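**Student:** What would the 3D arrangement of this be:
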Amino acid sequence: MRLIVMGQQAFGKAALETILDAGIDDVIAVYCAPDKGEQIDPIKEVALERGLIIKQPNNFEDAAVLDEMRSFKADLCVMAYVTIFVPREARNVPNHGSICFHPSLLPCHRGPSSINWPIMWGATKTGLSYFWPDDGLDEGDILLQKEVVIEPDDTIGSVYFDKVFPLGLKATLEAIDLVRGGNAPRVSQDPLRATYEGWCSAEVAEIDWNRSVGEVYNQIRACNPQPGAWTKLNGERLQIFDCEKTNYAVGRTGRIADISEDAITITAGRGSIVAKRFRYARGKKITTKALVADLGLKIGTKLGV
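**Tutor:** The predicted model follows:
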């Protein structure tokens, strides 16, 4: 088939490379977001290296943009991480329309932070979907889905980069194969199961040490590495990354209960967080040893202020 590949960032780049390396279909154009200053999107870099046609429209509503899309006579548009809204008229330009990647098991976790939230809520599985997008946000019939397990110590980084990302590349080829074969499913999303969550922002990432240790632990995992769960220390923001949890608690919540060579233990509700990696204020990520040495932390130090 003749493909338009539309995408951004690491997944868009890898999806394009995967399609090209498979050598089955012809990528006749690559669409990506407009450049931000001198910064070039990774998918554009690959397209330049491979000598592909690159288009970067500000929107997909202008008549000239639509006419240009039609000139490629594409069979399918593969949308691999797209943040610009693509309306129906543009999506339907290719003969078979457009398919879109989303890193959750739709209709659950529609929205921009779809990997963070299942970890935040303590889910034991998530996954990815390829679907036929409509004008709704992450709505449209499902083409295929793949599940991944969320282990108790997984973070957003490990779930995405170690599980969803590589499985998503395999699913990209599988989805294209289904369309090419003429037997691509179109399964309606169940509106009764649909959830939508907004950005997992810095505001969401603030730790309340009065919450249960399980909730705090899931919050830290769901924000590692981005946006980074945080608390206050001496009026500055202290982000916590690598950690463990324990059901053993000493003292009042939000206070340092123990300091060892490689961790500080912070009391939460019905347990404690054993924190091992940090960023203080606007500095670099540092170990416990460096944090304790720099700030002179002591047992009993109160966090959150």
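
**Student:** Confidence-wise, which helix or strand of this protein is lowest on average?
**Tutor:** Per-element confidence for the chain was summarised using mean pLDDT, DSSP states H and E. The lowest value among helices and strands belongs to helix 288-295, with a mean of 94.

**Student:** how distant is that helix from the center of its chain?
**Tutor:** Using C-alpha atoms, centre = their mean, to the nearest Å, we find the averaged C-alpha position of helix 288-295 to lie 31 Å away from the chain's own average C-alpha position.

**Student:** which residues sit against that helix?
**Tutor:** 233-234, 259-264, 275-278, 280, 286, 297 (C-beta atoms under 8 Å, 6 or more residues apart in numbering). Any C-beta I mention is one placed from the backbone N, CA and C, and that applies to glycine too.

**Student:** same thing but at 7 Å, please
**Tutor:** Judged by C-beta atoms under 7 Å, 6 or more residues apart in numbering, the contacts made with helix 288-295 from elsewhere in the structure are 259, 261, 262, 263, 264, 276, 278, 280, 297.

**Student:** Widest-spaced pair of these?
**Tutor:** 261 and 280 (18.4 Å; C-beta to C-beta).

**Student:** Of the two, give the one with the bigger neighbour count.
**Tutor:** residue 280 (19 against 8; other C-beta atoms under 10 Å).

**Student:** which strand residues sit across from that one in the sheet?
**Tutor:** Taking DSSP bridges, one finds residue 238 as the beta-bridge partners of residue 280.

**Student:** looking at it, residue 96 is touching residue 74, isn't it?
**Tutor:** No. Taking C-beta atoms under 7 Å as the definition, residue 96 is not a contact partner of residue 74, at 8.8 Å.

**Student:** so where do the helices sit in the stretch 201-305 of the chain?
**Tutor:** In the stretch 201-305 of the chain, helices defined by DSSP state H, counting those that start in this stretch lie at 213-222, 288-295, listed in chain order.

**Student:** of residue 96 and residue 74, who's got more company?
**Tutor:** Neighbour totals were compared for residue 96 and residue 74, and residue 74 leads with 23 against 17 (other C-beta under 10 Å).

**Student:** contacting residues for the spatially closest residue to that one that is not a sequence neighbour?
**Tutor:** With C-beta to C-beta, 6 or more residues apart in numbering as the measure, residue 94 is the residue that lies nearest to residue 74, at 4.0 Å, once sequence neighbours are left out. Residue 94 makes contact with 4, 74, 75, 76, 77, according to C-beta under 7 Å, 6+ apart.

**Student:** residues contacting the residue nearest to residue 102 when sequence neighbours are not counted?
**Tutor:** In this structure, residue 102 finds its nearest non-sequential neighbour in residue 129, 4.9 Å apart by C-beta to C-beta, 6+ apart. Taking C-beta under 7 Å, 6+ apart as the contact definition, residue 129 lies against 102, 104, 105, 106, 142, 145.

**Student:** who wins for neighbours among the residues you listed?
**Tutor:** The member of the contacts of residue 129 that has the most neighbours, counting by other C-beta under 10 Å, is residue 106 with 26 neighbours.

**Student:** Helix or strand: which one has the spatially closest residue to that one that is not a sequence neighbour?
**Tutor:** By the measure of C-beta to C-beta, 6+ apart, the closest residue to residue 106 outside its immediate chain neighbours is residue 129, 4.4 Å from it. Assigned by DSSP states H and E, residue 129 falls within strand 125-131.

**Student:** Just the buried residues of that strand, please?
**Tutor:** Of the residues in strand 125-131, those with enough neighbours to count as buried (16 or more other C-beta atoms under 10 Å) are 126, 127, 128, 129, 130, 131.

**Student:** Could you look up the SS state of residue 174?
**Tutor:** Using DSSP: H, G, I helix; E, B strand; the rest coil as the criterion, the local structure at residue 174 reads helix.

**Student:** for the strand holding residue 129, the distance to its chain's centre please.
**Tutor:** The chain centroid and the centroid of strand 125-131 are separated by 12 Å, computed with C-alpha atoms, centre = their mean.

**Student:** try stretch 14-33
**Tutor:** Per C-alpha atoms, centre = their mean, the displacement of stretch 14-33 from the mean C-alpha position of its chain is 21 Å.
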